[in-house]
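Asks: Turn this into a structure:
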Amino acid sequence: MTRSIAMEKVRNIGIIAHIDAGKTTVTERILHHTGRTYKIGGVDEGTAVMDWMDQERERGITIMAAATTCHWGDHRINIIDTPGHVDFTAEVERSLRVLDGGVVILDAVAGVEAQSEMVWRQADRYHVARICFVNKMDRVGADFFRTVSTIESRLGAVAVPVQLPLGCEATFRGVIDLVELRALVFQEDAQEPISIESIPASEAESVAKWRHHLIEKLAENDDEILLPYLEGQDIPAASIRQALRRATGANKLVPVMCGSALRGKGIIPLLDAVVAYLPSPMDVPPVVGHDVTGEKEIVCAPSDDEPVAALAFKVVSDPFMGRLIYMRIYSGCIQSGVQLLNTGKGKRERIGRLYLMHSNRREELTEAEAGSIVAAVGLRGTSTGDTLCSTARPVVFESIRFAEPVLSMAIEPRAKSDAEKMEDVLGKLVDEDPSFKVRQDPETGQALIMGMGELHLEVMVERMAREFGIRVNVGKPRVAYREAITRAVETEGRFVRQTGGRGQYGHVWLKLEPGERGSGFKFVDGVKGGVIPREYISAIQAGAREAVETGGPAGYPVVDVVATAYDGSYHDVDSSEMAFKIASSMAVKSGLPKAKPVLLEPIMKLEITTPSQFTGEMIGDLNSRRARIERIDTQGDSTVIGCHIPLGETFGIATALRSLSQGRVTHTMEFFRYEQVPASIAEQLAKKS
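Replies: Alright, predicted model coming up:
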């Protein structure tokens, strides 16, 4: 087939950053400059194209990652604009899983913030090449060089400025291009062409220093630059650009640029940098999957002539189209109407129609090429993380892992007639968002919704009302506590039922041991000598897993436990999988109380930025909430307090911090880990439960 655009001209990028750094504003300016939109959307006015949900426009934040495609010169750029709020980190996780490059937006005043660190770690996990754009250079307190130093100190990256700011704060008027050695002066009207001028004499010393720094860092990472650098030769701009592209693609360094997205300053050089420095699907290593047995590796080269291999990374319930499945095509070419194999589910699925997405609008395609990010209709059984491939080469890609929910609340429909509909709607929301879960409270029979934070659950409840017309009553948020055992025990489970005819017989001995913190549940088959037939081992595992998930002595799920089946007995006629599953569950239930279980609580990483005069009040409030202060940094007139705090102590913290600081505090919070609850607190929780 003939491609519509060569693969080396394709860029799959994400716009990622801390909340309020300006991601959506940058994306809106990119869409305008590339001719994708004719009117510039604004986040503050609620007219941003990429923030299409009513809630996003009202709150001024991105909630769902939105995809779009635009063209710059002869290049196609597929963009995903991601949320910055920690509660929606699953959207960032699944977007980065399928991207080749990223533009990290940083606030010139705040520098690297807490959520910037989190998205940076996510990008590291998926080896996503990055460039940094220091935004808001026209704000009071903007400091480009401090921001560059925080990239190195807090993110551990080799930050290499390829631009220097011309002026700062109110006098910011342009940038100095260190590659071409020229000044780019922006006009007040962003539609006016950029003026290219010679570098002002007052900046000559700074330019010489940072140009030397740029070439020195490239020489450390690139042999083609090293030799002319050592010989003192003048290195041409084209060679610097090629070396920057190689080093950026290999994640050896991060080019840093600057501008002011709200004023439209610096967007055109940023687009040039995306094309020049970020990799195409051809430049990144081919994605590696496994065959369905999981034993043999399969390399999926980025070529249209290869068999099809694609990863479904996002599900959206569209009110008009039904289920839209977003996918990244790693190899092969997909036509609408073709049948593909879903290796995760072991089923064949037919692609109904294919679309190129532009936020919540779509453009129908007849076929999609390797390296594309598209959406498909008709895949009823496909969910997030599934692999879709040609039957000629079944392949399974590593699925996407999401953090476990840390907060839950009970909900019930206001109208009894909505009960069945609510169940259906919750199923759709769980399908869309893997970090959102639903379960029934065994004591009250109520539905419990579980998410990543108060805002996450609040948004889901609002979506139920607005998109699906179901209004619900909600209970108070509850912390997702866990239990863990502290000593090894051996425990027996015996299930014997004798009725007329065939009975039930299952008998198993398990050893329960504490696992490493964060390891979850592990099962070990230690049965020897055929005392239990092989076909019952999976039932024993299922029974043990079910028992620890339904809760220990305090009623909370048990984590970080290793269950080893090592002995038991069976009956030739009466034994069954169900009998062994029940016996295994009984063994776990009787063994857990003897294993000295302790209660674990989620600990959050909290970062507060406050005017320095309120630092004492902030620390006093945090200490009263059992917080552990980890660091206190000063940034100009502000103080940044980093601490670890139990999630159960954070309810209402936003209101408390605002009242202590006359409304001038900002804070971010992310899940850190589970830790043991102090004995006195555990007693109080036991009484409540």
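
Asks: Point out where this structure drops to low pLDDT.
Replies: 1-2, 36-63, 85-86, 360, 441-445, 500-501, 688-689 (pLDDT under 70).

Asks: Nearest the geometric middle of it, what residue?
Replies: Residue closest to the mean C-alpha point of the chain, counted by Cα atoms, centre = their mean, is residue 93 at 2.1 Å.

Asks: for that residue, helix, strand, or coil?
Replies: On the three-state scheme (DSSP: H, G, I helix; E, B strand; the rest coil), residue 93 is labelled helix.

Asks: separation between it and residue 462?
Replies: Residue 93 sits 23 Å away from residue 462, going by Cβ to Cβ, to the nearest Å. All C-beta atoms are positioned from the backbone trio N, CA, C, and that covers glycine.

Asks: can you check residue 316 too?
Replies: 17 Å.

Asks: Neighbour count: these two, which is higher?
Replies: residue 316 (18 against 15; other Cβ atoms under 10 Å).

Asks: May I ask you to confirm that the more buried one is in contact with residue 324?
Replies: Yes: with contact defined as Cβ atoms under 8 Å, residue 316 counts as touching residue 324 (4.5 Å).

Asks: list residues touching both of these two?
Replies: residue 375 (Cβ atoms under 8 Å, 6 or more residues apart in numbering).

Asks: Enumerate the strands of the stretch 101-250 of the chain by residue range, in sequence order.
Replies: Taking DSSP state E, counting those that start in this stretch, the strands of the stretch 101-250 of the chain run over residues 101-107, 129-135, 159-161, 163-166, 174-177, 182-185, 195-197.

Asks: need those in a markdown table with mean neighbour count and distance to residue 214, can you?
Replies: A markdown table is the format used below for the strands of the stretch 101-250 of the chain (neighbours: other Cβ atoms under 10 Å; distance: least, Cβ to Cβ, whole Å):
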| stretch | mean neighbour count | distance to residue 214 |
| --- | --- | --- |
| strand 101-107 | 25 | 19 |
| strand 129-135 | 27 | 14 |
| strand 159-161 | 23 | 6 |
| strand 163-166 | 24 | 10 |
| strand 174-177 | 24 | 11 |
| strand 182-185 | 18 | 15 |
| strand 195-197 | 12 | 20 |
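
Asks: quick one, what contacts the residue nearest to the centre of the chain?
Replies: 122, 400, 401, 402.

Asks: tell me the SS of the third one?
Replies: Just to be clear, that refers to residue 401. At residue 401 the chain is in coil, as set by three-state DSSP.

Asks: mind listing what it touches?
Replies: Contacts for residue 401 were tallied using Cβ under 8 Å, 6+ apart; they are residue 93.

Asks: For residue 434, see how far away it is.
Replies: Residue 401 is 9 Å from residue 434, by Cβ to Cβ.

Asks: do the same with the second one
Replies: Separation of residue 400 from residue 434 (Cβ to Cβ): 7 Å.

Asks: next one: residue 422
Replies: The value you get for residue 422 to residue 434, if Cβ to Cβ is used, is 20 Å.

Asks: Residue 545 too?
Replies: Distance, residue 545 to residue 434, using Cβ to Cβ: 19 Å.

Asks: ditto for residue 261
Replies: Counting by Cβ to Cβ, the gap from residue 261 to residue 434 is 31 Å.

Asks: who's more crowded, the two?
Replies: Using other Cβ under 10 Å, the more surrounded residue of residue 261 and residue 434 is residue 261, with 25 against 21.

Asks: Spit out the contact partners of the more buried one.
Replies: 22, 25, 26, 29, 105, 133, 135, 136, 267.

Asks: so which of those comes closest to residue 357?
Replies: Relative to residue 357, the closest of these is residue 26; by Cβ to Cβ it sits at 18.6 Å.

Asks: Dihedrals phi and psi, residue 573?
Replies: phi -100, psi -50 (degrees, to the nearest 10).

Asks: Tell me the secondary structure at the nearest residue to it once chain neighbours are set aside.
Replies: Nearest residue to residue 573, sequence neighbours excluded (Cβ to Cβ, 6 or more residues apart in numbering): residue 502, at 6.4 Å. Secondary structure, three-state DSSP: residue 502 is coil.

Asks: what about residue 502, how many residues close to it?
Replies: For residue 502, the count of nearby residues is 12 (other Cβ under 10 Å).

Asks: Next one: it from residue 578, what distance?
Replies: In this view, residue 502 and residue 578 are 12 Å apart by Cβ to Cβ.

Asks: again with residue 553
Replies: Residue 553 is 25 Å from residue 578, by Cβ to Cβ.

Asks: same deal with residue 595?
Replies: From residue 595 to residue 578 the distance is 26 Å (Cβ to Cβ).

Asks: Settle it for me: which of these two has more neighbours?
Replies: Taking neighbours as other Cβ under 10 Å, residue 595 and residue 578 compare with residue 595 leading, 23 against 13.

Asks: How about the contacts made by the residue nearest to residue 272 when sequence neighbours are not counted?
Replies: Excluding the flanking residues, the one nearest residue 272 by Cβ to Cβ, 6+ apart is residue 72, at 7.9 Å. By Cβ under 8 Å, 6+ apart, residue 72 lies in contact with 34, 271, 272, 274, 275.

Asks: picking up where we left off before, which residues are in contact with both of residue 400 and residue 434?
Replies: Common neighbours of residue 400 and residue 434 (Cβ under 8 Å, 6+ apart) are 94, 384, 385.

Asks: any chance you could map the strands in the stretch 251-400 of the chain?
Replies: According to DSSP E, counting those that start in this stretch, the strands that the stretch 251-400 of the chain contains are 254-258, 287-290, 297-300, 309-318, 322-331, 334-335, 339-342, 347-350, 353-358, 361-365, 367-368, 373-377, 387-389.

Asks: Compare the ones you listed and give me the one nearest residue 428.
Replies: In terms of Cβ to Cβ, the element of these nearest to residue 428 is strand 309-318, at 4.6 Å.

Asks: Quick check: longest helix in this structure by residues?
Replies: helix 204-221 (DSSP state H).

Asks: Show me what that one is packed against.
Replies: If you count contacts as 3 or more Cβ pairs under 8 Å, 6 or more residues apart in numbering; DSSP states H and E, helix 204-221 packs onto strand 159-161, strand 163-166, helix 223-230, helix 237-249.

Asks: Residue 346 is nearest to which of these?
Replies: The minimum distance between residue 346 and the helices and strands packed on helix 204-221 falls on helix 237-249, with 36.2 Å, by Cβ to Cβ.

Asks: Could I have the CA atoms of that closest one written out in CSV?
Replies: Taking Å, rounded to 0.1, in the frame of the first residue of the first chain, the C-alpha atoms of helix 237-249 are listed here in CSV:
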residue,chain,number,x,y,z
ALA,A,237,24.0,23.9,13.3
ALA,A,238,22.9,20.9,11.2
SER,A,239,25.3,18.6,13.1
ILE,A,240,24.2,20.0,16.5
ARG,A,241,20.5,19.3,15.5
GLN,A,242,21.3,15.7,14.4
ALA,A,243,23.2,15.0,17.6
LEU,A,244,20.4,16.6,19.7
ARG,A,245,17.9,14.3,18.0
ARG,A,246,20.0,11.2,18.6
ALA,A,247,20.7,12.1,22.3
THR,A,248,17.0,13.1,23.0
GLY,A,249,15.7,9.9,21.3
